[in-house]
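K.L.:
Model the following, please.
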Amino acid sequence: MLFALAAAPGGALHSQQQVRVPAEHGDSLTADLYGSGSRAVVLAHGGRYDRGSWRPQAEAMAKAGFRVLALDFRASVEARAGRETACLYDAECLAADVLSAVRYLRQSGAAEVSVVGASLGGGAAAQASADAEPGEIDRLVLLAHMPIDAPERMRGRKLFIVARADTGSGDQPRLASIRRQYEQAPPPKSLDVLDGTAHAQAIFATGEGERLMRRILDFLTEP
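P.N.:
Numbering: from 1, shown residues only. Coordinates of the predicted model:
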């Protein structure tokens, strides 16, 4: 099903259109496309989310002048259908979907492509930046991302974000592992630690949500 694009005030386009993105092995990804323009953003969801969970953030980015592609990971689609695969928490496997989305945007005219990934999708985004060709991914926003094996290989400008009291398995704060990933990643980079306990995309529904959205937009638009 395709959704018609509607003009927002000021001429920006920010309603969604469902698209199919070519992927490896002759497969394809389902994604929602918002906005238009030569600056593009890929949104990679967390393990408990899907592409539709990004709608408020995608619309805000589209209103700011970005073309935004929110993807559904193939492994997540399979898991929601009761067919969980080994790819689901494998950053290298998931990264292939992120790179397919990045290359789709490049091939359709994007001059700059950034990736925003949350939790599981953050690990996929981080790994995609390590696997990408130089210049394919310009900026990377990682919301409490799933750690990757070689953060020193990440490319582009990087913004790491985590809530101070966000805890993972064994009730261990995620901040320590995120900080280690940050320290190993090459510059340019920055780390923002927000208040609260919310994990990744859940931060948008807290009192820190507005601040988080402003920070991401500032990072995506800074020279």
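K.L.:
Please put the alpha-carbon coordinates of the worst-scoring helix or strand of the chain on mean pLDDT into CSV.
P.N.:
Among the helices and strands of the chain, helix 74-80 carries the lowest confidence by mean pLDDT, DSSP states H and E, at a mean of 91. Once side chains and other backbone atoms are set aside, the C-alpha atoms of helix 74-80 remain, and they are given as CSV (Å, rounded to 0.1, in the frame of the first residue of the first chain):
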residue,chain,number,x,y,z
ARG,A,74,13.9,-8.4,7.9
ALA,A,75,14.9,-10.4,11.0
SER,A,76,12.4,-8.5,13.2
VAL,A,77,9.6,-9.0,10.7
GLU,A,78,10.4,-12.8,10.8
ALA,A,79,10.4,-12.7,14.6
ARG,A,80,7.1,-11.0,14.8
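K.L.:
got the contact list for that helix?
P.N.:
Helix 74-80 has contacts (C-beta atoms under 8 Å, 6 or more residues apart in numbering) with 23, 27, 29-30, 45, 47, 50, 84-85, 87-88, 90, 93-94, 97. In this view, the C-beta of every residue, glycine as well, is placed from N, C-alpha and C.
K.L.:
Just the mean pLDDT for the next helix or strand after that helix, thanks.
P.N.:
Counting by DSSP states H and E, the next helix or strand C-terminal to helix 74-80 is helix 91-107. Throughout helix 91-107, pLDDT has a mean value of 97.
K.L.:
Kindly export helix 91-107 (C-alpha atoms) in CSV.
P.N.:
Extracted in CSV, the C-alpha atoms of helix 91-107 (Å, rounded to 0.1, in the frame of the first residue of the first chain):
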residue,chain,number,x,y,z
ALA,A,91,25.0,-6.8,14.4
GLU,A,92,26.9,-7.8,11.3
CYS,A,93,23.8,-9.5,9.8
LEU,A,94,21.5,-6.6,10.7
ALA,A,95,24.0,-4.1,9.3
ALA,A,96,23.3,-5.5,5.8
ASP,A,97,19.8,-4.0,6.0
VAL,A,98,21.1,-0.6,7.1
LEU,A,99,23.5,-0.5,4.2
SER,A,100,20.8,-1.5,1.8
ALA,A,101,18.8,1.5,3.0
VAL,A,102,21.8,3.8,2.8
ARG,A,103,22.5,2.7,-0.7
TYR,A,104,18.9,3.1,-1.8
LEU,A,105,19.0,6.7,-0.6
ARG,A,106,22.3,7.3,-2.3
GLN,A,107,21.1,5.8,-5.6
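K.L.:
Having no further points to raise, I will conclude here.
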